[in-house]
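Trainee: A predicted structure for the sequence below; I have some questions about it.
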Amino acid sequence: MTTVLVTGSLGQIGTELIPLLKSKGYTVISTDIREPVDKDIFDPFLMLDTRDRDAMRKIIKDHGVEMIIHNASILSATGEKNPQLALEVNMGGIQNVLEVARQEGVKRVLSPSSIAAFGPDTPKDNTPNDTIMRPNTIYGVSKVYTELLGEYYAHKYGLDFRTLRYPGIISAGAQPGGGTTDWAVQIFYDAILTGKYTCFVDHDVLMPMMSMQDCLKATIMLLEAPEQNLKHRSFNVAGCSFTPAQLANELKKFIPDFQIDYAPDFRQEIALSWPRSIDDSVAREEWGWEPDYDLSKLTEYMYNTLKSKLDKQ
C-alpha cells in the first residue's frame, strides 16, 4: 500500500479526498493546522504547519511517505485580505514540500493549481493549457509559482511533480473556505434555509466550475497516471461554466419562489480577471480526463444532498 501525506486535510477538497484515497487502498497521513471534529475520518491525523520544514520532514521519515498531495493554501479572497500570510503559506509551503520531497526520496508530489493562475491578459474563452499567465491576485501569483517551481524540480531533480488547475469546486461536504467562487456553494445553503441569496458577483459573470465528484475523479486520475504518458506537468481541467443567474434558474426548478439579488464586492474584480471557459484537451489526451457533471446534474445533486443534510440538522 502506498503511503500518501495530505496537507490541508480539513479543507473543502481534503475532507472528501481522504476517505476516497483510503477506499482505494492508500495509507493516508492526514495533516492540518487545526484538529478535526470527526477524527475517525482522518485517522491517523497529525498537526502540521507546512511552513515548518523540519516538522514536515519528520512526518515523512517517520511514516515512510511515498507521495504528497499538498492542498494547504490560503484561497483567493482571503489572500487579498492578507497577502503576506498568503505568501508565507502558499509559497513557503510549496518550497518546503518540494525540497523535503527531493531530500527524502518521495516518489510523487501533486499540488493543486487554480484558474486563478491566469489573469486579465489570458484569453477568456476556451483558455488554452499553455498560454500567458499574469495574474493580479496574490493567490494567482502563488499558483503560478507553484507550477513553475514544481516543473523546475521535475526538470532539475527528476521529481515527479503534477498539478491541476482547478476551477471553482462545488461541494456538499465542507463549507466554503474563502474563495471567489464560494457563491456557487453558498447559494444552495441560503436557498434551502431562507429561500433567498445575495450574490457577491453580478448576475452575468460566467465562471468555470466543477462538481466535487469530478474534482476527486480528476485528482485520482492524475495521481495515478503513468508518468511516461505525461508530456505536461500542469493541466487545465474543466467541468461546466455558468453564471449566478443561470444557477439561480436551475435552483428554481426545486425552489420555485427562490429569490436572488446582487451586491458585487471586491471579489467581482477577481472573478472578471479569470477565464470564462477552459480548454482541457491536453488533460483529455494525456490521461483520459472527462467530466461527468453538467449544470443540471450538479444542481440536482447539490440540492438533494444539502436538503437532506440540513433537514437532519
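Mentor: Okay, I see it.
Trainee: Show me what the helix or strand harbouring residue 209 pairs with in its sheet, parallel or antiparallel.
Mentor: Assignment of secondary structure by DSSP states H and E places residue 209 within strand 207-211. Based on DSSP bridges, the pairing partners of strand 207-211 within the sheet are strand 168-170 (parallel), strand 240-242 (antiparallel).
Trainee: Please identify the deepest-packed of those.
Mentor: Neighbour counts (mean count of other C-beta atoms under 10 Å) averaged over each of the strands paired with strand 207-211 peak at strand 168-170, with a mean of 26. Placement of C-beta: from N, CA and C, glycine included.
Trainee: which residues in the stretch 1-150 of the chain form helices?
Mentor: In the stretch 1-150 of the chain, the helices defined using DSSP state H, counting those that start in this stretch lie at 14-23, 39-42, 53-63, 76-81, 83-86, 92-104, 138-157.
Trainee: re the thing from before, just put the strands paired with strand 207-211 in CSV and tack on distance to residue 227 and mean pLDDT.
Mentor: As requested, these are arranged in CSV below (distance: least, C-beta to C-beta, whole Å; pLDDT from 0 to 100):
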stretch, distance to residue 227, mean pLDDT
strand 168-170, 26, 92
strand 240-242, 30, 96
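Trainee: Could you save those as JSON lines and add columns showing distance to residue 129?
Mentor: As requested, these are arranged in JSON lines below (distance: least, C-beta to C-beta, whole Å):
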{"stretch": "strand 168-170", "distance to residue 129": "18"}
{"stretch": "strand 240-242", "distance to residue 129": "16"}
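Trainee: for the residue of the chain most remote from its centre, helix, strand, or coil?
Mentor: Going by C-alpha atoms, centre = their mean, the residue of the chain most distant from its centre is residue 257, 32.0 Å out. At residue 257 the chain is in coil, as set by DSSP: H, G, I helix; E, B strand; the rest coil.
Trainee: what's near enough to touch it?
Mentor: Contact criterion C-beta atoms under 8 Å, 6 or more residues apart in numbering gives residue 195 as the residues in contact with residue 257.
Trainee: please redo it, this time with the cut-off set to 10 Å
Mentor: With C-beta atoms under 10 Å, 6 or more residues apart in numbering as the criterion, the residues that contact residue 257 are 191, 195-196.
Trainee: now residue 172
Mentor: 16, 185, 188-189, 211-213, 301-309.
Trainee: roughly how far apart are residue 284 and residue 236?
Mentor: Between residue 284 and residue 236 the distance is 10 Å, computed by C-beta to C-beta, to the nearest Å.
Trainee: and if you look at residue 46?
Mentor: For residue 46, the distance to residue 236 equals 33 Å [C-beta to C-beta].
Trainee: Same drill for these two, tell me which one is more crowded.
Mentor: Neighbours of residue 46 and residue 236, each counted by other C-beta atoms under 10 Å, are more numerous for residue 236; the result is 29 against 16.
Trainee: mind checking how far that one is from residue 129?
Mentor: With distances defined as C-beta to C-beta, the gap from residue 236 to residue 129 amounts to 5 Å.
Trainee: what do these two both touch?
Mentor: Overlap between the neighbourhoods of residue 236 and residue 129 consists of 165, 278-283, taking contacts as C-beta under 10 Å, 6+ apart.
Trainee: mind listing which of the contacts of residue 172 are in strands?
Mentor: By the criterion of DSSP state E, membership of those in strands covers residue 211.
Trainee: so which of the contacts of residue 172 comes closest to residue 84?
Mentor: Residue 84 lies nearest to residue 185 out of the contacts of residue 172, by C-beta to C-beta, at 27.0 Å.
Trainee: Let me know whether the closest one touches residue 192 as I believe.
Mentor: No. With contact defined as C-beta atoms under 10 Å, residue 185 and residue 192 do not form a contacting pair (11.9 Å).
Trainee: Now do the shared contacts for those two.
Mentor: Among the neighbours of residue 185, those also in contact with residue 192 (C-beta under 10 Å, 6+ apart) are 302, 306.
Trainee: more crowded one of these two?
Mentor: Per other C-beta under 10 Å, whichever of residue 185 and residue 192 has more neighbours is residue 185, with 24 against 19.
Trainee: Spit out the contact partners of that one.
Mentor: With contact taken as C-beta under 10 Å, 6+ apart, residue 185 is in contact with 12, 168-177, 179, 209, 212, 302, 306.
Trainee: repeat that with 7 Å
Mentor: 170-171, 176 (C-beta atoms under 7 Å, 6 or more residues apart in numbering).
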